[in-house]
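Student: Sharing a model that was predicted from the sequence below.
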Amino acid sequence: MAKTKSKPGTAKTAAKKKAGSQNIKAKSKVSPARGKGKPQSKQEDVLARLRQPQGTTIGAIVKATGWQPHSVRGFFAGVVKKKLKLTLTSDKVDGTRTYKIAKAGAAS
């Protein structure tokens with residue numbers, strides 16, 4: 001017997017589309033709150049690392065988030081500096097550059 005293909009607009013394809021869209025909606029739900037002290041997202045994790053007194057390196061953020069180094073630098077420019085309007089400072093000690101968010105009221 002030959003298999004019959006369902007034609008666009010039939011009940012079978014409509015049911016498949018509906019089932020597929022329900023799967024997408026299920027995946028996009030917000031995850032429940034994580035344990036206390038744990039950041040909710042990678043962005044919050046990066047911001048927490050930048051707020052530490054010793055700061056952090058791009059390499060440490062790459063390792064923690066799985067982002068590419070150019071994505072980390074883009075996050076610094078686009079989110080930290082432009083969107084959140086935070087002052088980001090960097091220091092180079094022994095060939096290692098560390099970044100941190102300057103305290104509010106500190107001179108730029």
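Tutor: Alright, I've got the coordinates. Numbering: from 1, shown residues only.
Student: quick one: low-confidence ranges for this structure?
Tutor: Low-confidence segments of the chain (pLDDT under 70): 1-39, 105-108.
Student: any idea where the helices of it begin and end?
Tutor: Listed in chain order, the helices of the chain (DSSP state H) span residues 11-27, 42-51, 58-65, 69-75.
Student: ok, and for the third one, which residues are buried?
Tutor: Within helix 58-65, the residues scored as buried using 16 or more other CB atoms under 10 Å are 58, 61, 65. For the C-beta atoms, the positions are set from N, CA and C on the backbone; glycine is no exception.
Student: For Gln40, see how far away the first one is.
Tutor: The reference is to Ile58. 22 Å (CB to CB, to the nearest Å).
Student: do the same with the last one
Tutor: For Thr65, the distance to Gln40 (CB to CB) stands at 14 Å.
Student: What of the second one?
Tutor: Applying CB to CB, the value for Ile61 to Gln40 is 17 Å.
Student: gap between Ala48 and Ile61?
Tutor: According to CB to CB, Ala48 and Ile61 sit 11 Å apart.
Student: And for Val80?
Tutor: Distance, Val80 to Ile61, by CB to CB: 11 Å.
Student: which residues sit in contact with Val93?
Tutor: With contacts defined as CB atoms under 8 Å, 6 or more residues apart in numbering, Val93 has no neighbours.
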